[in-house]
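S.K.: Coordinates for the following, if possible.
(one chain, ligands or ions: 2)
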Amino acid sequence: MMTRRTLRLDASADGLAAAAQLLRDGGLVAFPTETVYGLGGDATNGRAVAGIYAAKGRPPFNPLISHVPDLAAARQFGVFDAVALRLAERFWPGPLTLVVPAVARSGVSELAMAGLPTIALRVPATQTARALLRQVGRPVTAPSANVSGHVSPTTAAHVLADLDGRIDAVVDGGPTQVGVESTVVAVVDGVATLLRPGGVTRSALEAVLGGKLAENAAADPARPVSPGMLASHYAPNAQVRLNVDEVRVGEALLTFGCARPAGSGRAVMTLDLSEGGDLAEAAANLFGALRRLDAAGVATIAVAPVPDRDLGEAINDRLRRAAAPK
Ligand code: TXA
Ligand code: MG
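M.R.: Ligands and ions are numbered 1, 2, ... in the order given. As a prediction, this is how the structure comes out:
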């Protein structure tokens with residue numbers, strides 16, 4: 001891996017102009033979306049896309065999301081049927097990624113799509129991201145800006161902790177609002193399938209669809225429908241133990257709401273995702289809390305139960321992956 005100086009840019013007009021120029025020149029630039037920081041590269045530039053996989057150490061069978069400033073731009077790269085259009089019109093800009101049939105010869109690199117006949121498209125909601133995408137004028141492919149398998153970044157400092165010296169720049173737009181990644185929904189032949197829970201809740205999607213989402217049939221881990229859904233992911237260095245009702249000696253503790261498991265006083269360090277029991281606040285705090293507890297150097301992070309409704313579904317998905325054997 002070539003080392004380079006990683007520029008710290010702010011989200012001012014000058015900062016964004018510099019970031020856009022770097023992206024147009026094939027550079028790698030991390031930028032804030034409303035979910036997590038993305039590691040951006042020009043989706044039409046195969047070398048830039050290869051650089052993203054290399055900087056993250058990401059397995060190349062895992063396709064990337066192409067980010068665009070609006071639905072009109074998305075339709076240059078993906079085929080939107082009536083169902084996909086309805087979801088895009090309701091939830092974009094916002095934390096929803098749509099996987100749709102790819103437009104042939106659209107210019108997006110085969111590597112970004114990992115050779116699949118479908119493409120993942122997303123219109124992020126931050127002003128910073130949208131202004132940047134408009135200036136670049138090309139789709140920007142961006143996975144979360146962390147080393148593959150690590151906890152996703154919700155601040156510029158998290159990005160630098162993983163990728164300083166491996167990427168050209170990071171645009172600092174402050175902490176992200178949503179805190180967990182976008183919901184990924186495939187829409188093929190009029191059927192909407194949930195591939196990854198995320199910032200848009202299942203109930204919000206089903207209200208717009210007027211019916212249930214189809215479930216991801218990928219019980220076969222060798223060939224997942226969404227290739228990125230690896231069991232171990234978002235993993236801190238510490239072991240993660242879920243749904244604890246009793247804290248063991250030497251553990252750090254992550255809680256939700258005012259409930260405390262037995263033996264809480266033994267915890268080396270305790271963080272609460274949301275004292276008021278608010279799932280949106282908990283999602284925004286999740287990855288930062290995992291990083292802080294991990295930094296305490298404990299062998300195990302004990303996690304109290306989080307309700308599975310609304311954003312709790314995405315939070316519990318990420319926690320299960322953090323707890324999976326590495
Ligand atoms: O919130 C987010 O989605 C963030 C920000 C930066 O936009 N990005 C992100 O990217 O989480 P990444 O690469 O970590 O996750 C992309 C997910 C993976 O699970 C991948 O397998 C799936 O989208 N995906 C991409 N293209 C796909 C395709 N053609 N078919 C099925 N799944 C696809
Ligand atoms: Mg990721």
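S.K.: alpha carbons only for contacts and neighbour counts from here, please
M.R.: Will do.
S.K.: what comes up buried for the longest helix seen in the chain?
M.R.: Secondary structure of the chain per DSSP state H: the longest helix is helix 279-295. By neighbour count on 16 or more other Cα atoms under 10 Å, the buried set for helix 279-295 is 279-291, 293-294.
S.K.: For the closest residue in space to G40 that isn't next to it in sequence, grab phi and psi.
M.R.: Distance criterion Cα to Cα, 6 or more residues apart in numbering; nearest residue to G40, sequence neighbours excluded, is A142 at 4.4 Å. As for A142, its main-chain torsions (degrees, to the nearest 10) stand at phi -150, psi 110.
S.K.: Please give me every residue in contact with A142.
M.R.: For A142, the contacting residues are G38, L39, G40, G41, L64, I65, S66, H67, by Cα atoms under 8 Å, 6 or more residues apart in numbering.
S.K.: interface residues of the stretch 51-200 of the chain facing ligand 1?
M.R.: Listed as neighbours of ligand 1 in the stretch 51-200 of the chain under the rule Cα under 6 Å from any ligand atom: 62-65, 99, 113, 116, 118-120, 142-144, 181-182.
S.K.: Repeat the analysis, applying 8 Å as the threshold.
M.R.: Near ligand 1, the residues belonging to the stretch 51-200 of the chain are 62-65, 67, 95-97, 99-100, 113-114, 116-122, 124, 142-145, 180-184, 186, 195-196, 198-199 when assessed by Cα under 8 Å from any ligand atom.
S.K.: Generate a ChimeraX selection restricted to the buried entries among the residues you listed.
M.R.: If you want just the buried ones from those in ChimeraX, going by 16+ other Cα under 10 Å, the selection is:
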select :62,63,64,65,67,95,96,97,99,100,113,114,118,119,120,121,122,124,142,143,144,145,180,181,182,183,184,186,195,196,198,199
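S.K.: List just the nearest of the contacts of A142 to L16.
M.R.: Using Cα to Cα, G40 comes nearest to L16 of the contacts of A142, at 12.9 Å.
S.K.: Give the helix, strand or coil label for A204.
M.R.: Secondary structure, DSSP: H, G, I helix; E, B strand; the rest coil: A204 is helix.
S.K.: Do I have it right that A169 meets V29?
M.R.: Yes: using Cα atoms under 8 Å, A169 is in contact with V29, at 4.8 Å.
S.K.: Would you mark the buried spots in stretch 59-77?
M.R.: 60, 62-71, 73-74, 77.
S.K.: Quick one: low-confidence residue ranges for the stretch 51-200 of the chain.
M.R.: Within the stretch 51-200 of the chain, no range satisfies pLDDT under 70.
S.K.: And the helices in it, which stretches?
M.R.: 71-74, 82-91, 127-136, 156-163 (DSSP state H, counting those that start in this stretch).
S.K.: Tell me which of these sits nearest to Q21.
M.R.: helix 127-136 (7.3 Å).
S.K.: Just give me the residue closest to the centre of the protein.
M.R.: Nearest to the mean C-alpha position of the chain, by Cα atoms, centre = their mean, lies E181 at 3.2 Å.
S.K.: residues touching that one, list them.
M.R.: For E181, the contact set (Cα under 8 Å, 6+ apart) comprises T35, V36, P95, G198, G199.
S.K.: ok, it to G94 distance?
M.R.: 11 Å (Cα to Cα, to the nearest Å).
S.K.: residues touching the residue nearest to A129 when sequence neighbours are not counted, list them.
M.R.: Nearest non-adjacent residue to A129, counting by Cα to Cα, 6+ apart: T33, 6.0 Å away. T33 sits next to P124, A125, T126, T128, A129, T176 when contact means Cα under 8 Å, 6+ apart.
S.K.: 6 Å - rerun?
M.R.: P124, T126, A129 (Cα atoms under 6 Å, 6 or more residues apart in numbering).
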